[in-house]
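J.: Sequence plus predicted model, see below.
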Amino acid sequence: MDTAQACPRPSSQGPNKSWEKEKEKPQDIPSLTLTQQLSSQTFAQRPPQHSNIFPLNFGVYRASESMADMVIAHSSEESKYSPIFYISTYRGFRSKLDVILHSESRKASPPMATAAFRHWSSKIDIWINGPNGQDLITTLKNQGVFIHTATCFMLPLPDGSTEVFNWKRSSGPEVASLNGQEYGMKLVRKSTGQVVAAWTGPKRGWKKLGKMAWKGEQDPRGELGTGFELAAVITRLALLVREEGQE
């Protein structure tokens, strides 16, 4: 297993053209560095009015169709009959395990994002499906020795800068507001220290796996964009799969 390395510092510079590579499927990428692939006309520019993909807060539940799969829904009851999105898992040849966030409530719907666990490594490759074939690639990596304490990833922002985000173990007010377990995780924007999302597991029960909510005085997704929104959710789902021991 590779040793943990600190995430680089956020950058105010625009996207580096050297990040642009030919499109490949996630399971065909044997090794990715902490980079992004994007078009200046897609993820790098925010539309005039950002349309959120996920609710302000939502639950993650085990799917009825498969013990290994999950769904995103407003409640346990809705997870059975009217989930919002489906999350499937796939074991391939090139990657240890893929976690796939689908664009609809059906497993057959196209993917929006994929987290690919590497063989013999703690790093997780993150693939965000963008419009017109312009996709975003980054890597979720550990900070420190303990894999459940903190992880980080880097993304381009709509203003052309890059930002580092850290999932950190927490029992602070952002986690407590979710009314779940005492300890959970908060997602921190490194350059400002702002908590932009939080996650916690359920107090009891087997079907519900956790709850996630966006945080801040204003919904951070309007400023940080679609790429951030998808990356925040797929990285948290990947960590959940790791915590569940499915990898």
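T.: It's in. Numbers count the residues shown, from 1 in each chain.

J.: and Lys80, backbone torsions?
T.: phi -80, psi -40 (degrees, to the nearest 10).

J.: Pull up the gap between the closest residue to it other than its chain neighbours and Leu101, please.
T.: Of all residues not flanking Lys80 in the chain, Ser64 sits nearest, at 5.9 Å (Cβ to Cβ, 6 or more residues apart in numbering). (Each C-beta comes from the backbone N, C-alpha and C, glycine too.) Ser64 sits 18 Å away from Leu101, taking Cβ to Cβ, to the nearest Å as the criterion.

J.: With neighbour numbers in mind, choose between those two.
T.: Leu101 (23 against 13; other Cβ atoms under 10 Å).

J.: tell me the contacts of the more buried one?
T.: 85, 87, 111-114, 230, 233-234, 237 (Cβ atoms under 8 Å, 6 or more residues apart in numbering).

J.: Take those and keep only those in helices.
T.: Of the positions in those, 230, 233-234, 237 sit in helices, assigned by DSSP state H.

J.: And the residues you listed, which is closest to Ala176?
T.: Ranked by distance to Ala176 (Cβ to Cβ), those are led by Val233 at 21.1 Å.

J.: Against Gly160, how distant is the closest one?
T.: From Val233 over to Gly160 (counting by Cβ to Cβ), the distance is 23 Å.

J.: same check, this time on Asn129
T.: Applying Cβ to Cβ, the value for Asn129 to Gly160 is 21 Å.

J.: which strand residues sit across from Phe58 in the sheet?
T.: Beta bridges link Phe58 to Met212, judged by DSSP bridges.

J.: so who does it touch?
T.: Taking Cβ under 8 Å, 6+ apart as the contact definition, Phe58 lies against 72-74, 84, 211-213.

J.: 10 Å instead, please
T.: 72-75, 78, 83-85, 210-214, 233 (Cβ atoms under 10 Å, 6 or more residues apart in numbering).
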